[in-house]
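In: Need coordinates for the below:
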Amino acid sequence: MSLSPRPTLETGTTSFAAAAEAHLEDVHAYLVYLTGDRCLAEDLTAAAFEKALSLWRRFDPRRASARTWLCQIARTVALDHFRSEERRRRREGVYAAREPREEPEPTFGQGLSPALDEALGALSPADREIIALRVLLELDASTVARLLGISSTACTTRLSRALHRLEERISHDVRA
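Out: Model prediction:
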């Protein structure tokens, strides 16, 4: 019986530990924007990095940066979560609206005005996602397009529309 050597967690010159440490905050911030819920984002971040660790051997730095690759895994984990939650709700037959929190916590980070935080929270998950990827993580349009499986033109259009809806929401809240 021969023992195989312990698998290494290095791909190219980057180790998984280094990539995880370098991009943990970005992936978590992306998931906060995507979900609008810090606690859920923490759980999904852990699940995403667990999945990334198991898939690290497949990471090809020629195809995408570690940051992009990790965000793509995080997106997949989040979408899987949303699908399973939807199935659970269907099984239970409950389509109740979310109850408002007594004291809403800032959804998108420290330093945002309450009006901007509320307006971002009112956007659809798709709008929050495109804003998170392009504005928060500052990924270029082609990278975001590849991550979302859309064209660069569609990515730019989605961002423009999401920012327009955000602007409308803020204007509406200011007038109210």
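In: what about the helices in this structure?
Out: For the chain, the helices defined by DSSP state H cover 16-35, 38-55, 66-92, 114-122, 125-131, 141-148, 152-175.
In: domain assignment for this structure?
Out: Here the domain parsing of the chain from automatic domain parsing is 12-99, 105-176.
In: picking up where we left off before, among the helices of the chain, which gets the worst mean confidence?
Out: Among these, helix 114-122 carries the lowest mean pLDDT, at a mean of 80.
In: give me the number of residues near the spatially closest residue to residue 166 that is not a sequence neighbour?
Out: Nearest non-adjacent residue to residue 166, counting by Cβ to Cβ, 6 or more residues apart in numbering: residue 119, 5.7 Å away. Where you see a C-beta, it was placed from the backbone N, CA and C, and this is true even at glycine. Using other Cβ atoms under 10 Å, residue 119 is surrounded by 22 other residues.
In: Then residue 21?
Out: With other Cβ under 10 Å as criterion, residue 21 counts 10.
In: for residue 83, same thing?
Out: Neighbourhood size, residue 83 [other Cβ under 10 Å]: 10.
In: One more: residue 31?
Out: Around residue 31 there are 28 residues (other Cβ under 10 Å).
In: For the remainder of this discussion, apply numbering that starts at 13.
Out: With 13 as the first residue, the last one maps to residue 43.
In: these two touch, right, it and residue 59?
Out: No: if you go by Cβ atoms under 8 Å, residue 43 and residue 59 don't touch, sitting 9.7 Å apart.
In: Number of residues surrounding residue 165?
Out: Neighbour tally, residue 165, other Cβ under 10 Å: 10.
In: measure it to residue 175 for me?
Out: 16 Å (Cβ to Cβ, to the nearest Å).
In: ok, now residue 85?
Out: Taken as Cβ to Cβ, the span from residue 85 to residue 175 is 26 Å.
In: again with residue 160
Out: For residue 160, the distance to residue 175 - Cβ to Cβ - is 16 Å.
In: Please apply the same query to residue 135.
Out: Residue 135 is 10 Å from residue 175, by Cβ to Cβ.
In: any residues in contact with both of the two?
Out: residue 143 (Cβ atoms under 8 Å, 6 or more residues apart in numbering).
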